[in-house]
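Asker: Predicted coordinates and the sequence they were generated for:
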Amino acid sequence: MSKVVFITGASKGIGLSTATALLEQGHSVISLSRSISSGLQELSERFPGKLHILQGDVTDPAAITRAASTFETLDAIVLNAGTPGYGRLRTDVLEDWRRLFEVNLFSFLPLLRHALPVLAQSHGRVVLISSSMAEMGVAGMAAYSASKAAMNSLARSLAAEEPDIVTVALDPGSVETDMFEATVQSGKEHIDPEVYAYALDMKAKKQLLTADKPAATIAWLALNAQKDLSGKAIVWNDPALQMSA
Ligand SMILES: NC(=O)c1ccc[n+]([C@@H]2O[C@H](COP(=O)([O-])OP(=O)(O)OC[C@H]3O[C@@H](n4cnc5c(N)ncnc54)[C@H](OP(=O)(O)O)[C@@H]3O)[C@@H](O)[C@H]2O)c1
């Protein structure tokens, strides 16, 4: 049966690939991002009537209200929009932390408030796009890591509060997207040199994942994740995932 999935940040990268995977499987997607990329436009032409594109910032209450007005039927919500951030605690600007947390965490709260009653009815799913950084302490990436750690914690709490909804936090791996490139371009002066060199090396050796890899897992989780996964933080290629089921 065709399902309806809401995705933030589907204009590019992992979000766009997730939208593509869902549409190719016959499902409907509602997307919210600040830009309407050529990738989104192409999907809209390929899958007429199946992709509802909303333009807006996840931190803008008006955009959230517009998104919520589409939540009549909803089977899953993928909170994927995110922003990187670099800086050291001694010198970091508090406002940068606030802005990062607005996008990477606080924006989820009004969206979840609107979506949860509908998802409880449909026995739906929440997929939070986290990161391995949630579990790491890398110099120069404190705000980003803390936002992702909070996301993993939110998944646990949400699973406890909403027994009719399956909530999963997913680490998508190291993926070749604009965000990874931003880290390469802007992170050098802030990030631990060893970690920065490792990121450069992965890129040079073409070891980064293409976005379709984690996207296949995210789409699968949005459609199929069962109770045993609720509250967990998992990695995109976790061998325990029986994705053919
Ligand atoms: N790439 C990696 O290696 C990696 C690793 C671990 C975790 N992640 C996580 O994966 C998620 C997706 O990242 P990505 O690598 O696919 O990055 P990306 O290619 O830069 O895409 C980020 C998406 O988020 C949207 N976005 C950002 N700020 C927004 C805002 N304020 N309001 C609405 N939409 C916003 C962007 O759309 P607009 O610019 O059009 O608004 C874009 O669609 C993020 O949560 C990131 O932390 C990525």
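Answerer: Okay, I see it.
Asker: From A225, how far off is the closest residue in space to L16 that isn't next to it in sequence?
Answerer: Distances taken as Cβ to Cβ, 6 or more residues apart in numbering place G39 nearest to L16, at 4.8 Å, with adjacent residues excluded. Yep, even glycine has a C-beta here, placed from its N, CA and C like the rest. G39 sits at a distance of 26 Å from A225 (criterion: Cβ to Cβ, to the nearest Å).
Asker: and these two? which has more neighbours close in?
Answerer: Using other Cβ atoms under 10 Å, the more surrounded residue of G39 and A225 is A225, with 23 against 17.
Asker: Find the nearest non-adjacent residue to that one, please.
Answerer: With Cβ to Cβ, 6+ apart as the criterion, A225 has its nearest non-adjacent residue at 4.7 Å, and that residue is V166.
Asker: Report how many residues lie close to the one you found.
Answerer: So V166, with other Cβ under 10 Å, has 26 neighbours.
Asker: Identify the bridge partners of it.
Answerer: R125 (DSSP bridges).
Asker: That one and L128 touch, don't they?
Answerer: No. If you go by Cβ atoms under 8 Å, V166 and L128 don't touch, sitting 11.7 Å apart.
Asker: before we move on, the earlier item: quick check on the residue nearest to L16: phi, psi?
Answerer: Note on G39: backbone dihedrals following degrees, to the nearest 10 are phi -60, psi -40.
Asker: contacting residues for it?
Answerer: Taking Cβ atoms under 8 Å, 6 or more residues apart in numbering, we find G39 in contact with 11-12, 16.
Asker: Next to the ligand, which bits of the protein? Give me the list.
Answerer: 8-9, 11-15, 33-35, 57-59, 80-83, 103, 129, 131, 172, 174-175, 177-180 (Cβ under 6 Å from any ligand atom).
Asker: mind listing which of the residues you listed are in helices?
Answerer: 13-15, 178-180 (DSSP state H).
Asker: Closest to the ligand out of those residues?
Answerer: Distance to the ligand across these (Cβ to the nearest ligand atom) is lowest for G13, with 2.3 Å.
Asker: I figured the closest one was touching P172, is that so?
Answerer: No. The pair G13 and P172 does not pass the contact test of Cβ under 8 Å, sitting 9.5 Å apart.
Asker: remind me which residues of the protein are low pLDDT?
Answerer: 244-245 (pLDDT under 70).
Asker: again, only this time at 50
Answerer: 245 (pLDDT under 50).
Asker: Which parts of it are helices?
Answerer: Using DSSP H, helices in the chain cover 13-24, 38-46, 61-68, 94-101, 108-122, 142-161, 178-186, 193-204, 212-224.
Asker: Please, a PyMOL command that selects the buried ones among the ones in helices among the residues of the chain next to the ligand?
Answerer: Here is the PyMOL command that selects the buried residues among these (16 or more other Cβ atoms under 10 Å):
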select buried, resi 13+14+15+179+180
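Asker: Could you identify the most distant pair in the ones in helices among the residues of the chain next to the ligand?
Answerer: Farthest-apart pair in these is G15 and F180; separation 14.0 Å (Cβ to Cβ).
Asker: who does A233 bridge with?
Answerer: Going by DSSP bridges, A233 forms beta bridges with A169.
Asker: and it, how far is that from F6?
Answerer: 21 Å.
Asker: Pick out whichever of those two has more residues nearby.
Answerer: F6 (29 against 22).
Asker: In contact with the more buried one, which residues?
Answerer: 29-32, 67, 70-71, 74, 76-78, 111, 115.
Asker: let's see 7 Å
Answerer: F6 makes contacts with 30, 67, 74, 77, 115, as judged by Cβ atoms under 7 Å, 6 or more residues apart in numbering.
Asker: of those, closest to the ligand?
Answerer: The closest of the contacts of F6 to the ligand turns out to be A67 (Cβ to the nearest ligand atom; 10.2 Å).
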